[in-house]
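Enquirer: show me how the following folds:
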Amino acid sequence: MKAIWKNTVIAESDDTVVVEGNHYFPESSLKREFVTFSNHKTMCHWKGQASYLSLMVAGEMNPDAVWYYPDPKPEAANIKGRVAFWKGVQIEK
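Expert: Okay, the predicted model is just below:
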């Protein structure tokens, strides 16, 4: 699977976990040269607190387009150490 934004592969892995229709990629598959800081956080009642990262590709920012659960609740332990995408990031085989 590939996560693509602005015709650029942001992450690629054949080991994704699908939760609620979202592919969670191993954090190690994330191409860090396209990732910037975000201090945005949200709460999920069954997964826990999500943290976010922004993307920067060819000078364009996509704020909070990557999310992850640094300390997921036990029910969501299978997504620990994984990242997911939204805000226009395409997931393709």
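
Enquirer: which strands and helices sit next to the helix or strand where Tyr24 lies?
Expert: In this assignment (DSSP states H and E), Tyr24 forms part of strand 22-26. Contact here means 3 or more CB pairs under 8 Å, 6 or more residues apart in numbering; DSSP states H and E; on that basis strand 22-26 packs against strand 17-19, strand 82-85. C-beta here means a position set from N, CA and C on the backbone, and glycine is covered the same way.

Enquirer: mind running it again at 7 Å?
Expert: strand 82-85 (3 or more CB pairs under 7 Å, 6 or more residues apart in numbering; DSSP states H and E).

Enquirer: CA-only coordinates of the strand it packs on in CSV, if you can.
Expert: Taking C-alpha atoms only, strand 82-85 is exported to CSV below (Å, rounded to 0.1, in the frame of the first residue of the first chain):
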residue,chain,number,x,y,z
ARG,A,82,1.4,3.1,13.2
VAL,A,83,0.2,6.2,11.3
ALA,A,84,-2.9,6.9,9.2
PHE,A,85,-3.7,9.6,6.7
